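In: Fold the following and give me the result.
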Amino acid sequence: MSSNELEIEFAGITFKNPFLLSSAPPTMDPRHILRAARLGWGGAVMKTVTEEPTVDPRTRLGVLRREGKAIGMNNIELLSRESLKTWTDDWIPKIKQEAPKDFIFIASMMSGPEPEGWTALAETMSQTGADAIELNVSCPHGSPEKHMGAFIGQDPKLVEGVTKAAKKGTDLPILVKLTPNVTDIVPIAKAAERGGADALSAINTVESLIGIDIETATPLPIAYGKDRKEQFSTYGGFCGPAIKPLGLRFVSQIAKALPDIPISGIGGIENWTGATEYLMVGARTLQICTAVMWYGFSIIKDLTKGLSSFMKRKGYKSLDSVVGKALPKITTWTALTKLPPIVAHVIKDNCTGCKDCVIACADGGYVAIQMRDGAAVINEEKCDGCGLCYVVCRDNAIEFIHAR
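Out: Model prediction:
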(Lines give C-alpha, C1' and ligand atoms only; values in the text may rest on other atoms or scores of the structure.)
Protein backbone atom coordinates (compact mmCIF):
# COMPACT_ATOMS: atom_id res chain seq x y z
CA MET A 1 0.00 0.00 0.00
CA SER A 2 1.24 3.48 -0.88
CA SER A 3 2.27 5.83 1.94
CA ASN A 4 0.37 8.58 0.10
CA GLU A 5 -3.19 8.41 1.45
CA LEU A 6 -4.44 10.67 -1.37
CA GLU A 7 -3.30 8.34 -4.14
CA ILE A 8 -6.16 6.92 -6.19
CA GLU A 9 -6.50 4.55 -9.14
CA PHE A 10 -8.81 5.81 -11.87
CA ALA A 11 -9.45 4.14 -15.24
CA GLY A 12 -6.21 2.18 -14.92
CA ILE A 13 -4.15 5.28 -14.10
CA THR A 14 -2.63 6.11 -10.72
CA PHE A 15 -3.17 9.72 -9.62
CA LYS A 16 -1.04 11.13 -6.79
CA ASN A 17 -4.13 13.00 -5.58
CA PRO A 18 -7.70 13.20 -6.93
CA PHE A 19 -7.62 16.89 -7.87
CA LEU A 20 -7.64 17.75 -11.58
CA LEU A 21 -8.15 20.93 -13.54
CA SER A 22 -11.23 20.50 -15.70
CA SER A 23 -11.34 21.38 -19.38
CA ALA A 24 -11.76 25.17 -19.20
CA PRO A 25 -9.85 28.49 -19.37
CA PRO A 26 -7.31 27.38 -16.70
CA THR A 27 -6.12 24.69 -19.14
CA MET A 28 -6.01 26.87 -22.23
CA ASP A 29 -2.26 26.51 -22.87
CA PRO A 30 1.02 25.04 -21.53
CA ARG A 31 1.79 28.05 -19.33
CA HIS A 32 -1.37 27.52 -17.30
CA ILE A 33 -1.16 23.74 -17.14
CA LEU A 34 2.53 23.64 -16.20
CA ARG A 35 2.06 26.21 -13.44
CA ALA A 36 -0.68 24.03 -11.94
CA ALA A 37 1.41 20.88 -12.36
CA ARG A 38 4.32 22.39 -10.44
CA LEU A 39 2.02 23.46 -7.61
CA GLY A 40 0.93 19.89 -7.02
CA TRP A 41 -2.28 19.24 -8.95
CA GLY A 42 -2.85 15.57 -9.73
CA GLY A 43 -3.65 16.22 -13.37
CA ALA A 44 -5.43 18.37 -15.92
CA VAL A 45 -7.89 18.02 -18.77
CA MET A 46 -6.86 20.34 -21.59
CA LYS A 47 -9.29 22.81 -23.14
CA THR A 48 -11.31 20.95 -25.73
CA VAL A 49 -10.09 20.91 -29.30
CA THR A 50 -12.00 20.10 -32.45
CA GLU A 51 -11.18 20.18 -36.14
CA GLU A 52 -11.25 24.01 -36.23
CA PRO A 53 -10.23 26.51 -33.50
CA THR A 54 -12.82 28.73 -31.81
CA VAL A 55 -13.35 32.50 -31.81
CA ASP A 56 -15.28 33.68 -28.73
CA PRO A 57 -17.57 36.70 -28.12
CA ARG A 58 -16.72 39.47 -25.67
CA THR A 59 -17.77 39.68 -22.91
CA ARG A 60 -18.51 36.03 -22.20
CA LEU A 61 -18.67 35.62 -18.41
CA GLY A 62 -21.56 36.56 -16.14
CA VAL A 63 -21.92 36.26 -12.37
CA LEU A 64 -24.67 35.44 -9.88
CA ARG A 65 -24.21 37.06 -6.47
CA ARG A 66 -25.93 36.77 -3.11
CA GLU A 67 -25.29 39.60 -0.66
CA GLY A 68 -22.28 40.61 -2.74
CA LYS A 69 -20.66 37.16 -2.79
CA ALA A 70 -20.32 35.29 -6.07
CA ILE A 71 -22.14 31.96 -5.91
CA GLY A 72 -22.26 31.06 -9.59
CA MET A 73 -20.90 31.97 -12.98
CA ASN A 74 -22.22 31.71 -16.51
CA ASN A 75 -20.05 31.45 -19.61
CA ILE A 76 -20.64 31.59 -23.35
CA GLU A 77 -17.06 30.55 -24.15
CA LEU A 78 -16.49 27.55 -26.37
CA LEU A 79 -13.43 25.49 -27.22
CA SER A 80 -9.70 26.05 -27.68
CA ARG A 81 -8.69 29.04 -29.76
CA GLU A 82 -5.58 27.22 -30.88
CA SER A 83 -5.43 24.70 -33.68
CA LEU A 84 -5.30 20.96 -33.20
CA LYS A 85 -1.83 21.00 -34.76
CA THR A 86 -0.51 23.49 -32.20
CA TRP A 87 -1.65 21.20 -29.40
CA THR A 88 -0.43 17.95 -30.91
CA ASP A 89 2.89 19.14 -32.34
CA ASP A 90 4.00 21.68 -29.74
CA TRP A 91 1.93 22.12 -26.61
CA ILE A 92 1.22 18.57 -25.45
CA PRO A 93 4.83 17.41 -25.97
CA LYS A 94 6.01 20.47 -24.01
CA ILE A 95 3.62 19.71 -21.14
CA LYS A 96 4.62 16.05 -21.00
CA GLN A 97 8.31 16.94 -21.09
CA GLU A 98 8.28 19.69 -18.45
CA ALA A 99 5.55 18.61 -16.01
CA PRO A 100 6.37 16.39 -13.02
CA LYS A 101 6.38 12.74 -14.04
CA ASP A 102 3.43 11.94 -11.78
CA PHE A 103 1.24 14.66 -13.31
CA ILE A 104 -1.54 13.14 -15.46
CA PHE A 105 -2.45 14.88 -18.72
CA ILE A 106 -5.85 14.19 -20.30
CA ALA A 107 -6.65 15.35 -23.83
CA SER A 108 -10.16 16.68 -24.47
CA MET A 109 -11.74 16.52 -27.90
CA MET A 110 -15.03 17.13 -29.69
CA SER A 111 -16.39 16.31 -33.11
CA GLY A 112 -19.78 16.09 -34.79
CA PRO A 113 -22.30 13.23 -34.84
CA GLU A 114 -20.42 11.38 -37.59
CA PRO A 115 -18.27 8.66 -36.01
CA GLU A 116 -15.35 9.13 -38.39
CA GLY A 117 -14.41 12.48 -36.85
CA TRP A 118 -14.11 10.94 -33.38
CA THR A 119 -11.97 8.07 -34.62
CA ALA A 120 -9.61 10.40 -36.46
CA LEU A 121 -9.24 12.75 -33.49
CA ALA A 122 -8.61 9.86 -31.12
CA GLU A 123 -5.91 8.49 -33.43
CA THR A 124 -4.25 11.90 -33.52
CA MET A 125 -4.41 12.39 -29.75
CA SER A 126 -3.00 8.93 -29.12
CA GLN A 127 0.29 9.96 -30.72
CA THR A 128 0.88 12.99 -28.46
CA GLY A 129 1.85 11.31 -25.19
CA ALA A 130 -1.47 12.07 -23.48
CA ASP A 131 -2.38 9.69 -20.65
CA ALA A 132 -6.10 9.53 -21.45
CA ILE A 133 -8.77 11.15 -23.62
CA GLU A 134 -11.98 12.87 -22.53
CA LEU A 135 -14.86 13.10 -25.02
CA ASN A 136 -16.76 16.38 -24.75
CA VAL A 137 -20.35 15.49 -25.63
CA SER A 138 -21.81 17.97 -23.18
CA CYS A 139 -21.06 21.64 -23.97
CA PRO A 140 -24.52 23.27 -23.57
CA HIS A 141 -24.08 26.41 -25.67
CA GLY A 142 -22.82 27.19 -29.15
CA SER A 143 -21.83 23.63 -29.93
CA PRO A 144 -25.39 22.21 -30.09
CA GLU A 145 -26.14 24.74 -32.84
CA LYS A 146 -23.45 22.91 -34.83
CA HIS A 147 -24.85 19.46 -33.89
CA MET A 148 -22.00 18.98 -31.44
CA GLY A 149 -21.59 19.01 -27.65
CA ALA A 150 -24.87 18.51 -25.77
CA PHE A 151 -26.67 17.83 -29.05
CA ILE A 152 -24.84 14.50 -28.97
CA GLY A 153 -24.79 14.13 -25.19
CA GLN A 154 -28.58 14.26 -24.90
CA ASP A 155 -29.04 11.27 -27.24
CA PRO A 156 -28.05 7.82 -25.91
CA LYS A 157 -27.61 6.38 -29.42
CA LEU A 158 -25.26 9.17 -30.45
CA VAL A 159 -23.29 8.92 -27.21
CA GLU A 160 -22.83 5.19 -27.66
CA GLY A 161 -21.87 5.65 -31.29
CA VAL A 162 -19.23 8.34 -30.84
CA THR A 163 -17.75 6.52 -27.84
CA LYS A 164 -17.36 3.36 -29.91
CA ALA A 165 -15.84 5.43 -32.70
CA ALA A 166 -13.30 7.05 -30.40
CA LYS A 167 -12.35 3.66 -28.94
CA LYS A 168 -11.50 2.47 -32.45
CA GLY A 169 -8.86 5.16 -32.71
CA THR A 170 -6.99 4.65 -29.44
CA ASP A 171 -5.81 2.28 -26.76
CA LEU A 172 -5.83 5.09 -24.18
CA PRO A 173 -8.50 5.20 -21.46
CA ILE A 174 -11.61 7.05 -22.65
CA LEU A 175 -13.59 9.35 -20.37
CA VAL A 176 -17.00 10.57 -21.53
CA LYS A 177 -18.05 13.96 -20.12
CA LEU A 178 -21.81 14.01 -19.53
CA THR A 179 -24.33 16.85 -19.67
CA PRO A 180 -26.75 17.62 -16.84
CA ASN A 181 -29.20 19.08 -19.34
CA VAL A 182 -31.23 15.88 -19.56
CA THR A 183 -34.27 14.46 -17.79
CA ASP A 184 -32.41 11.34 -16.65
CA ILE A 185 -28.62 11.03 -16.83
CA VAL A 186 -28.50 7.27 -16.19
CA PRO A 187 -29.53 6.17 -19.73
CA ILE A 188 -26.82 8.46 -21.13
CA ALA A 189 -24.24 7.03 -18.74
CA LYS A 190 -25.24 3.48 -19.68
CA ALA A 191 -24.94 4.34 -23.36
CA ALA A 192 -21.38 5.60 -22.81
CA GLU A 193 -20.56 2.39 -20.94
CA ARG A 194 -21.97 0.29 -23.78
CA GLY A 195 -19.82 2.28 -26.17
CA GLY A 196 -16.73 1.23 -24.24
CA ALA A 197 -16.10 4.20 -21.95
CA ASP A 198 -13.46 3.48 -19.32
CA ALA A 199 -14.75 6.27 -17.06
CA LEU A 200 -17.33 9.05 -16.92
CA SER A 201 -16.96 12.75 -16.07
CA ALA A 202 -19.99 14.44 -14.56
CA ILE A 203 -21.16 17.09 -14.89
CA ASN A 204 -20.58 19.77 -17.49
CA THR A 205 -22.24 23.16 -17.02
CA VAL A 206 -25.99 23.73 -16.71
CA GLU A 207 -27.66 25.63 -19.55
CA SER A 208 -28.79 28.95 -18.17
CA LEU A 209 -29.52 32.64 -18.55
CA ILE A 210 -27.55 34.34 -15.77
CA GLY A 211 -29.62 37.51 -15.58
CA ILE A 212 -30.90 40.71 -17.20
CA ASP A 213 -29.52 44.25 -17.01
CA ILE A 214 -32.89 45.79 -16.18
CA GLU A 215 -31.71 49.34 -17.00
CA THR A 216 -31.15 48.42 -20.66
CA ALA A 217 -33.30 45.25 -20.87
CA THR A 218 -30.21 43.38 -22.04
CA PRO A 219 -29.45 39.77 -21.10
CA LEU A 220 -26.11 39.01 -19.47
CA PRO A 221 -23.24 38.63 -20.16
CA ILE A 222 -23.41 41.47 -22.67
CA ALA A 223 -21.99 40.61 -26.09
CA TYR A 224 -22.60 42.10 -29.52
CA GLY A 225 -24.42 41.17 -32.71
CA LYS A 226 -23.02 40.88 -36.19
CA ASP A 227 -23.00 44.67 -36.65
CA ARG A 228 -20.71 44.97 -33.58
CA LYS A 229 -22.97 47.72 -32.22
CA GLU A 230 -26.24 46.22 -30.96
CA GLN A 231 -25.95 44.38 -27.65
CA PHE A 232 -27.12 40.78 -27.37
CA SER A 233 -26.40 37.65 -25.35
CA THR A 234 -27.32 33.97 -25.40
CA TYR A 235 -27.85 30.99 -23.13
CA GLY A 236 -24.64 29.83 -21.49
CA GLY A 237 -23.19 27.26 -19.12
CA PHE A 238 -23.77 27.83 -15.38
CA CYS A 239 -21.06 26.68 -12.96
CA GLY A 240 -19.69 27.40 -9.52
CA PRO A 241 -20.78 26.54 -5.96
CA ALA A 242 -24.47 27.02 -6.76
CA ILE A 243 -24.51 23.90 -8.95
CA LYS A 244 -22.90 21.55 -6.41
CA PRO A 245 -26.27 20.04 -5.39
CA LEU A 246 -26.90 19.13 -9.03
CA GLY A 247 -23.45 17.62 -9.43
CA LEU A 248 -23.86 15.53 -6.29
CA ARG A 249 -27.23 14.31 -7.51
CA PHE A 250 -25.97 13.24 -10.92
CA VAL A 251 -22.77 11.61 -9.67
CA SER A 252 -24.65 9.64 -7.02
CA GLN A 253 -27.28 8.50 -9.52
CA ILE A 254 -24.59 7.26 -11.90
CA ALA A 255 -22.64 5.59 -9.10
CA LYS A 256 -25.71 3.73 -7.86
CA ALA A 257 -26.73 2.62 -11.35
CA LEU A 258 -23.22 1.77 -12.62
CA PRO A 259 -21.10 0.84 -9.60
CA ASP A 260 -18.23 -0.58 -11.67
CA ILE A 261 -17.41 2.46 -13.81
CA PRO A 262 -15.16 5.15 -12.28
CA ILE A 263 -16.52 8.69 -12.13
CA SER A 264 -14.71 12.02 -12.19
CA GLY A 265 -16.88 14.42 -10.19
CA ILE A 266 -17.37 17.99 -11.39
CA GLY A 267 -19.53 20.88 -10.26
CA GLY A 268 -19.09 23.58 -7.64
CA ILE A 269 -16.11 22.13 -5.77
CA GLU A 270 -14.28 25.01 -4.06
CA ASN A 271 -12.87 23.44 -0.89
CA TRP A 272 -11.91 20.10 0.63
CA THR A 273 -15.33 19.60 2.21
CA GLY A 274 -17.07 19.83 -1.15
CA ALA A 275 -14.46 17.48 -2.59
CA THR A 276 -15.16 14.99 0.19
CA GLU A 277 -18.88 15.15 -0.52
CA TYR A 278 -18.25 14.15 -4.14
CA LEU A 279 -15.99 11.31 -3.07
CA MET A 280 -18.64 10.05 -0.67
CA VAL A 281 -21.26 9.85 -3.43
CA GLY A 282 -19.01 7.82 -5.69
CA ALA A 283 -16.48 10.04 -7.48
CA ARG A 284 -12.87 8.82 -7.59
CA THR A 285 -11.30 11.95 -9.07
CA LEU A 286 -12.43 15.57 -8.85
CA GLN A 287 -12.31 18.21 -11.56
CA ILE A 288 -12.26 21.90 -10.65
CA CYS A 289 -12.63 25.04 -12.77
CA THR A 290 -14.57 27.96 -11.27
CA ALA A 291 -12.77 27.96 -7.92
CA VAL A 292 -9.44 28.12 -9.76
CA MET A 293 -10.66 31.01 -11.92
CA TRP A 294 -11.77 32.90 -8.80
CA TYR A 295 -9.01 32.02 -6.33
CA GLY A 296 -6.04 30.70 -8.34
CA PHE A 297 -4.12 27.44 -8.71
CA SER A 298 -2.74 27.65 -5.17
CA ILE A 299 -6.00 26.36 -3.71
CA ILE A 300 -4.52 22.91 -4.32
CA LYS A 301 -2.59 23.33 -1.04
CA ASP A 302 -5.73 23.76 1.03
CA LEU A 303 -7.53 21.02 -0.91
CA THR A 304 -4.88 18.37 -0.29
CA LYS A 305 -4.09 19.47 3.27
CA GLY A 306 -7.74 19.63 4.27
CA LEU A 307 -8.60 16.25 2.77
CA SER A 308 -5.55 14.59 4.34
CA SER A 309 -6.34 16.04 7.77
CA PHE A 310 -9.95 14.93 7.54
CA MET A 311 -8.95 11.39 6.60
CA LYS A 312 -6.54 11.14 9.52
CA ARG A 313 -9.12 12.53 11.95
CA LYS A 314 -11.76 10.04 10.80
CA GLY A 315 -9.40 7.08 10.48
CA TYR A 316 -9.63 6.65 6.70
CA LYS A 317 -6.48 4.88 5.51
CA SER A 318 -7.04 5.49 1.80
CA LEU A 319 -9.31 7.38 -0.58
CA ASP A 320 -10.87 4.07 -1.58
CA SER A 321 -12.39 3.86 1.89
CA VAL A 322 -14.01 7.28 1.39
CA VAL A 323 -15.38 6.72 -2.12
CA GLY A 324 -19.09 5.89 -2.05
CA LYS A 325 -19.35 6.08 1.74
CA ALA A 326 -22.66 7.98 1.61
CA LEU A 327 -24.31 6.02 -1.21
CA PRO A 328 -26.03 3.39 0.98
CA LYS A 329 -27.80 6.21 2.83
CA ILE A 330 -29.35 7.67 -0.34
CA THR A 331 -32.73 5.97 -0.62
CA THR A 332 -36.18 6.58 -2.10
CA TRP A 333 -38.78 9.00 -0.75
CA THR A 334 -41.15 6.13 -0.01
CA ALA A 335 -38.53 4.51 2.22
CA LEU A 336 -38.47 7.49 4.59
CA THR A 337 -40.66 7.66 7.69
CA LYS A 338 -43.42 10.25 7.40
CA LEU A 339 -43.79 10.84 11.13
CA PRO A 340 -41.07 13.37 12.02
CA PRO A 341 -38.98 11.91 14.85
CA ILE A 342 -37.19 15.22 15.49
CA VAL A 343 -37.95 18.83 16.36
CA ALA A 344 -35.89 22.01 16.20
CA HIS A 345 -34.05 23.31 19.24
CA VAL A 346 -32.39 26.71 19.74
CA ILE A 347 -28.76 26.84 20.87
CA LYS A 348 -29.17 29.86 23.14
CA ASP A 349 -25.50 30.79 23.26
CA ASN A 350 -25.51 31.22 19.47
CA CYS A 351 -28.86 32.97 19.05
CA THR A 352 -28.55 36.70 18.34
CA GLY A 353 -32.28 37.44 18.48
CA CYS A 354 -32.47 38.43 14.81
CA LYS A 355 -36.03 37.00 14.49
CA ASP A 356 -35.39 35.54 11.02
CA CYS A 357 -36.59 32.13 12.17
CA VAL A 358 -39.69 33.59 13.83
CA ILE A 359 -40.76 35.33 10.63
CA ALA A 360 -40.01 32.30 8.46
CA CYS A 361 -41.87 29.87 10.72
CA ALA A 362 -44.87 32.21 10.98
CA ASP A 363 -45.30 32.71 7.24
CA GLY A 364 -43.74 29.55 5.77
CA GLY A 365 -43.94 27.06 8.60
CA TYR A 366 -46.00 26.06 11.62
CA VAL A 367 -45.95 29.18 13.87
CA ALA A 368 -43.79 27.25 16.32
CA ILE A 369 -41.21 29.91 17.25
CA GLN A 370 -41.52 33.00 19.42
CA MET A 371 -39.12 35.42 21.07
CA ARG A 372 -38.50 35.24 24.81
CA ASP A 373 -35.91 37.34 26.65
CA GLY A 374 -34.25 38.30 23.37
CA ALA A 375 -33.85 34.75 22.07
CA ALA A 376 -35.91 32.40 19.94
CA VAL A 377 -37.80 29.59 21.65
CA ILE A 378 -39.31 26.54 19.94
CA ASN A 379 -42.76 25.23 20.83
CA GLU A 380 -42.12 21.50 20.41
CA GLU A 381 -45.82 20.66 20.25
CA LYS A 382 -46.23 22.86 17.18
CA CYS A 383 -42.84 22.14 15.56
CA ASP A 384 -43.11 19.82 12.56
CA GLY A 385 -39.37 19.29 12.12
CA CYS A 386 -39.40 20.74 8.59
CA GLY A 387 -36.01 22.48 8.89
CA LEU A 388 -37.01 25.95 7.63
CA CYS A 389 -35.61 27.66 10.74
CA TYR A 390 -32.25 25.98 10.12
CA VAL A 391 -32.29 27.21 6.52
CA VAL A 392 -32.76 30.88 7.41
CA CYS A 393 -30.56 30.96 10.54
CA ARG A 394 -27.24 32.68 9.88
CA ASP A 395 -25.78 32.10 13.33
CA ASN A 396 -25.66 28.30 13.60
CA ALA A 397 -28.21 28.53 16.41
CA ILE A 398 -30.54 25.69 15.34
CA GLU A 399 -30.05 22.00 16.01
CA PHE A 400 -32.46 19.05 15.89
CA ILE A 401 -33.33 16.79 18.78
CA HIS A 402 -35.65 13.80 19.13
CA ALA A 403 -39.17 14.83 20.02
CA ARG A 404 -40.06 14.21 23.62
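
In: Relative to residue 338, how far out is the nearest residue to residue 307 once chain neighbours are set aside?
Out: Of all residues not flanking residue 307 in the chain, residue 272 sits nearest, at 4.6 Å (Cβ to Cβ, 6 or more residues apart in numbering). Yep, even glycine has a C-beta here, placed from its N, CA and C like the rest. Going from residue 272 to residue 338 by Cβ to Cβ, to the nearest Å gives 36 Å.

In: More neighbours: which of those two?
Out: Neighbours per residue (other Cβ atoms under 10 Å) separate residue 272 from residue 338, with residue 272 holding more: 20 against 6.

In: Can you give me every residue that contacts the more buried one?
Out: By Cβ atoms under 8 Å, 6 or more residues apart in numbering, the residues touching residue 272 are 302, 303, 304, 305, 306, 307, 310.

In: Just flag the most distant two among the residues you listed.
Out: For the contacts of residue 272, with distances taken as Cβ to Cβ, the pair at the greatest spread is 302 and 310 (11.9 Å).

In: quick revisit: pLDDT value on the residue nearest to residue 307, please?
Out: Looking at residue 272, its pLDDT stands at 98.

In: What of residue 1?
Out: If you check residue 1, the pLDDT there is 57.

In: and what of residue 339?
Out: 77.

In: separation between it and residue 401?
Out: From residue 339 over to residue 401 the distance is 16 Å, taken as Cβ to Cβ.

In: Of the two, which one has the most company?
Out: More neighbours surround residue 401 than the other of residue 339 and residue 401, with 13 against 6 (other Cβ under 10 Å).

In: Pull out the buried residues from the host helix or strand of the more buried one.
Out: Residue 401 belongs to strand 398-402 when assigned by DSSP states H and E. Across strand 398-402, burial judged by 16 or more other Cβ atoms under 10 Å covers 398, 400.

In: Run through who's touching that strand.
Out: Here strand 398-402 makes contact (Cβ under 8 Å, 6+ apart) with 341, 342, 343, 344, 345, 346, 347, 357, 385, 387, 389, 390.

In: okay, who's weakest in those residues by pLDDT?
Out: For those, the least confident entry is residue 341, with 85.

In: Not counting residues beside it along the chain, what's closest to that one?
Out: residue 402 (5.9 Å).

In: what about the strands in the stretch 301-404 of the chain?
Out: Counting by DSSP state E, counting those that start in this stretch, the stretch 301-404 of the chain has strands at residues 342-346, 369-372, 375-378, 398-402.

In: before we move on, the earlier item: note down every partner strand of the strand holding residue 401 and its orientation.
Out: Here strand 398-402 is paired, per DSSP bridges, with strand 342-346 (antiparallel).
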